[in-house]
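K.L.:
Provided below are the primary sequence and the corresponding predicted coordinates.
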Amino acid sequence: MTPPPLRQPRQPNGFWAFLRVFGRGLNMVRLTIINLIFFTVLAVFLLIVLGVFAGSRMTREVQSDSVLVLRPQGQLVEQYSISPMQRALSGLSGNDLTQVQVRDMVGAIDAAAKDTRITRILLEPDQLQSSGFAALREVGAALDRFRAAGKPVIVWAANLDQYQYYLAAHADRILLDPQGGLMITGLANYRLFYKDLLDKLGVQVHLFRVGQFKSAAEPYILDHASQEAKDADSYWMGGLWDEYIAEVAKLRKLDPAALRDDIDGLPDKIATTKGDLAQLALNEHLVDGIATGDELEAMLRKQGVPAGKKGYGFRQVDLARYVAAMPSTTDGLSPGVTVVVAEGEISGGKQPQGTIGGDSTAALVRAARESKLTKALVLRVNSPGGEVYAAEQVRREVELTRQAGIPVVVSMGNVAASGGYWISMNANRIFAEPNTITGSIGIFGMYYSVPDTLAKLGISSDGVATGPLAGAFDISRPLDPKVGAVIQSIINKGYHDFVGSVATARGKDYADIDAIAQGRVWTGQQALQRGLVDQLGGMDEAVANAADLAKLGKDYPVRYQEATQGVFENFLVGLDQNAMVTAMQSYGIRLPSWVARIPAMAPELQLLRNAQAGKPNVYVYCLCSPH
C-alpha cells in the first residue's frame, strides 16, 4: 500500500512572518536591556561592597600624631537636604559634597580635643561657602575649645572671603598662599526686582501685608527697594557688621576702629603693595605668614608631624573619615535631651529633610514628645519662614510638648525670622547667637492674575457666575477690589494672631510686641534687648539649659529625632564616608560624574516655588540673608 504523500508545511504569508520576526527581535531587545540593567546593578553593588570593606579598614587607621584636616566643601547646614542616595552617588562619582553638617564639624573638633592621636587641626576653608555667621560661630567656639586643650589650630588658604575669615580668625596661625589674598568688604543685601518684567508680561501681582517693614514680596510690586526696607536693613546689617568687627578684632588682638578703617580703605591701601592682597593682609596683621602648600608641609614636618604614606606629605585624617571612626556617644536606653532640626523654608504637607514641612516636622516633634526617652526637647531653628498654616502646625506641637510636661528650648541658628520665629515663640526659653537674624514678625499674602497677559496673546475671558464671589479667584480675570478687601481682612487677622501669640508667649502686652514687630528684622543681640529672645548662646548652651529644666543632672545622652529611614537608606548613609570613597578611588573605581548633579534654583524665586494659582498665598517669610 502506497503511503499518502507528506503534507508540505504551510508557508506563512508575509504579514505573519513579519510579526514573528518582529516578536523575536523585540524579545531579544527586552532580554538585552534586562541583562544590562541586572549586570549594571550587580557591578555597582559589588563596587559598594568592595568600598565598604576597604573603607572600614581605612576608618580604623587613625594613627598617632595625626593632623585632623578640615576642608569643608559648600555650605554649613544644620541638616542635609541632599538625600542619602545623592550623597552616596556624589562620593562614588568623585564629586565633593556641597553641604557639611554643623554637628559633624563641631562633634569632630570636640572629639579631637580629647583624642591623643590628634595633635593639631589644619583648617583649609577656601571652599566653604557663605553660610551665615551663627553656624560659623558654633564651629569657631569648638576651635576655641580645641585650642584650650593645648592643641594648635593652623589655617592655610589660597583665598579667603569675609565668611571664611570669620572662622579662620579662631586659629593660632593663619597662612596665605603668596598668590592668594584676603577680601573683606562688608555686608550687603541687594535683591532682584521683577515688577517691570511682570508689567511687560501683563502679570498682575496683588500684595496684601501688615507690617511697615515687611518687604519680602516687594520685588514683585516695585522696581526698587522701599525706603522703609532700606532703613530696616541698614539697622540690622549694621548690627551684624559691628559684631563681626568686634569679634575679629578681639580674636586677632586688633583695634576695632583700625580694623574697620583697613577694610574700608582697601582701594587706597592696595596700591602700597602693588596689588598684592596677601602681603597687604600680612601688613595689617590679619594673617601671620605667607607660605605655599609645600612650605606648609615642611613646617608641619619640622614641628614633629610624621610623614604620610610612602614618605610624602604629612600624617593626616580628614573630617569624614574621622567622623566615621568616632564611637557613638548615645546610650540607647537612658532618657535625655532630644533635638529636632527645623531647617529651611516652611511649606505645607510632608517635605524632605532639610526643609520644614507642616506635617513632617510636626510629626518629628510629636514623635519626640511621645518617646519615653525624651525628657527635654531642643528645637534647632534655621529658617526664614514660609507658609503660615504649616508654621502653625509646628508651633502647636511645641505647645503640646510643653503641656505634656516636657521643657522645650529653642536654639536659633543663622536665621530664625518670620515663620522661623513663629515656630519658636512658645518655647520655655529661646537662645540666639549675637549674629542670628530673627524677628520679622509680620505677614503678607500674594495673589496674581493674568488677564493682561492673555490679552497680549489675543485671548479674552467671559462668562457668567451665580454670585459676586463665584469665579473671583479665576486668574484669567482681574481681581475684584471687594475680594481684595476680604483678603486684606484675613491678612490683618493673621498679623493680629501672630503679634498676640508672641505677646502671650513672651509675657508682654500686645502694644509692646506690635512696636517691635511690623515685619522688622533684628540681630540676636538686638532681639535680646527687645525681649524677643531670652539668652545669647549656641547649641551647647541650649542643650545644657534643656537638661537643667528637666533636672537630668550632668550625664545625659543627646539624640536627634529624624525621619525614619528604610534599611537601604541607612545602608547608603553608611556609604557616605570619605574612607570608603578614598579606598574605591585608590583602585580607580568611580561612577560617572553626571549621576550626582543637582539642579540649582534661583534663590529669588524660592518664594513662589509652592505658590498655587487661583488662590491667595499667605506667608510669614523673610528674605534677609546678607552677602
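P.N.:
Nice, I can see it.

K.L.:
Spit out the contact partners of the residue nearest the centre of the chain.
P.N.:
Taking C-alpha atoms, centre = their mean, the centroid of the chain lies closest to Val77, which sits 3.9 Å from it. The contact partners of Val77, taken as C-beta atoms under 8 Å, 6 or more residues apart in numbering, are Gln99, Val100, Gln101, Val102, Ser131, Ala135, Glu343, Gly354, Asn382. For glycine as for every other residue, the C-beta is placed from the backbone atoms N, C-alpha and C.

K.L.:
The last one: what's its closest spatial neighbour, skipping adjacent residues?
P.N.:
If you skip the residues right next to it in sequence, Asn382 has Gly413 as its closest partner in space, 3.4 Å away by C-beta to C-beta, 6 or more residues apart in numbering.

K.L.:
Helix, strand or coil: sort out the one you found for me.
P.N.:
Under the three-state scheme (DSSP: H, G, I helix; E, B strand; the rest coil), the conformation of Gly413 reads as strand.

K.L.:
Was I right to think it contacts Gly132?
P.N.:
Yes: here Gly413 reaches Gly132: they are 7.0 Å apart, a contact under C-beta atoms under 8 Å.

K.L.:
By pLDDT, give me the weakest of the contacts of Val77.
P.N.:
Minimum pLDDT for the contacts of Val77 is recorded at Ser131 (71).

K.L.:
tell me the SS of Val155?
P.N.:
Going by three-state DSSP, the secondary structure assigned to Val155 is strand.

K.L.:
In contact with it, which residues?
P.N.:
If you count contacts by C-beta under 8 Å, 6+ apart, Val155 has them with Leu122, Leu123, Glu124, Pro125, Ala168, Ala171, Arg173, Ile174, Leu175.

K.L.:
What are the buried residues along the helix or strand hosting Arg103?
P.N.:
Taking DSSP states H and E as the criterion, Arg103 maps to helix 102-114. The neighbour-count check on helix 102-114 (16 or more other C-beta atoms under 10 Å) flags Val102, Arg103, Asp104, Met105, Val106, Gly107, Ala108, Ile109, Asp110, Ala111, Ala112, Ala113 as buried.

K.L.:
distance between the ends of stretch 189-203?
P.N.:
26 Å (C-alpha to C-alpha, to the nearest Å).

K.L.:
pLDDT on that stretch, on average?
P.N.:
Mean predicted confidence for stretch 189-203 is 88.

K.L.:
residues in contact with it?
P.N.:
Under the contact criterion C-beta under 8 Å, 6+ apart, stretch 189-203 has outside partners 204-205, 218-225, 233, 237, 448-456, 604, 623-627.

K.L.:
From those residues, which land in helices?
P.N.:
Where these overlap with helices, as defined by DSSP state H, the overlap consists of Asp233, Met237, Pro451, Asp452, Thr453, Leu454, Ala455, Lys456.

K.L.:
ok so, going back, and of the buried residues of helix 102-114, the nearest to Arg477?
P.N.:
When these are compared for distance to Arg477, the smallest value, 48.5 Å, is given by Val102; criterion: C-beta to C-beta.

K.L.:
Mind giving me the packing neighbours of the one helix or strand Thr338 maps to?
P.N.:
Thr338 is part of strand 336-343, with elements assigned from DSSP H and E. Contacts defined by 3 or more C-beta pairs under 8 Å, 6 or more residues apart in numbering; DSSP states H and E place strand 336-343 against helix 358-370, strand 374-383, helix 539-549, strand 558-560.

K.L.:
Quick one: these as JSON lines, columns for distance to Gly405 and mean neighbour count too.
P.N.:
Formatted as JSON lines, the entries for these read as follows, by distance: least, C-beta to C-beta, whole Å; neighbours: other C-beta atoms under 10 Å:
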{"stretch": "helix 358-370", "distance to Gly405": "10", "mean neighbour count": "20"}
{"stretch": "strand 374-383", "distance to Gly405": "9", "mean neighbour count": "27"}
{"stretch": "helix 539-549", "distance to Gly405": "11", "mean neighbour count": "21"}
{"stretch": "strand 558-560", "distance to Gly405": "19", "mean neighbour count": "17"}
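
K.L.:
Generate a markdown table for these, with distance to Gly336 as supplementary columns.
P.N.:
A markdown table is the format used below for these (distance: least, C-beta to C-beta, whole Å):
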| stretch | distance to Gly336 |
| --- | --- |
| helix 358-370 | 11 |
| strand 374-383 | 6 |
| helix 539-549 | 8 |
| strand 558-560 | 6 |
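
K.L.:
quick revisit: quick one: which of the buried residues of helix 102-114 is nearest Asp514?
P.N.:
Val102 (34.2 Å).

K.L.:
starting at the chain centroid, how far to whichever helix or strand Val499 is part of?
P.N.:
Per DSSP H and E: Val499 is located in helix 481-506. The chain centroid and the centroid of helix 481-506 are separated by 30 Å under C-alpha atoms, centre = their mean, to the nearest Å.

K.L.:
In PyMOL, select just the buried ones from the ones in helices among the contacts of stretch 189-203.
P.N.:
In PyMOL, a selection of the buried entries from these looks like this (16+ other C-beta under 10 Å):
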select buried, resi 233+237+451+453+454
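
K.L.:
In the stretch 201-350 of the chain, mark out all the helices, start to finish.
P.N.:
Across the stretch 201-350 of the chain, reading from the start of the chain, the helices by DSSP state H, counting those that start in this stretch fall at 227-252, 256-264, 266-269, 277-283, 293-302, 319-325.

K.L.:
likewise the stretch 51-200 of the chain?
P.N.:
Per DSSP H, counting those that start in this stretch, the stretch 51-200 of the chain carries helices over the ranges 84-92, 102-114, 133-148, 162-168, 195-201.

K.L.:
So, low pLDDT: which residues of the stretch 101-250 of the chain?
P.N.:
Confidence mapping of the stretch 101-250 of the chain against pLDDT under 70 gives zero matching residues.

K.L.:
rerun at 90
P.N.:
Of all residues in the stretch 101-250 of the chain, those with pLDDT under 90 make up the ranges 129-132, 189-195, 197-199, 201, 203-222, 226, 229.

K.L.:
With adjacent residues omitted, what lies nearest to Pro478?
P.N.:
When the adjacent residues along the chain are set aside, Pro478 lies closest to Pro451, with 5.4 Å between them (C-beta to C-beta, 6+ apart).

K.L.:
didn't the one you found look like it was pressed against Asp462?
P.N.:
No: because the distance of 10.9 Å does not satisfy C-beta under 8 Å, Pro451 is recorded as not touching Asp462.

K.L.:
Check Glu392 and give its pLDDT.
P.N.:
Each residue has a pLDDT score; the one for Glu392 is 96.

K.L.:
That one against Trp422, yeah?
P.N.:
Yes: with contact taken as C-beta under 8 Å, Glu392 and Trp422 are classed as touching, separated by 7.2 Å.

K.L.:
For the contacts of stretch 189-203, which PyMOL command selects only the ones that are buried?
P.N.:
The following PyMOL line selects those of the contacts of stretch 189-203 that are buried, judged by 16+ other C-beta under 10 Å:
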select buried, resi 204+205+218+219+220+221+222+225+233+237+448+449+450+451+453+454+623+624+625+626
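
K.L.:
how far away is the closest residue to Tyr163 other than its chain neighbours from Lys200?
P.N.:
Excluding the flanking residues, the one nearest Tyr163 by C-beta to C-beta, 6+ apart is Ser130, at 4.4 Å. For Ser130, the distance to Lys200 under the criterion C-beta to C-beta, to the nearest Å works out to 33 Å.

K.L.:
No further queries at this time; thank you.
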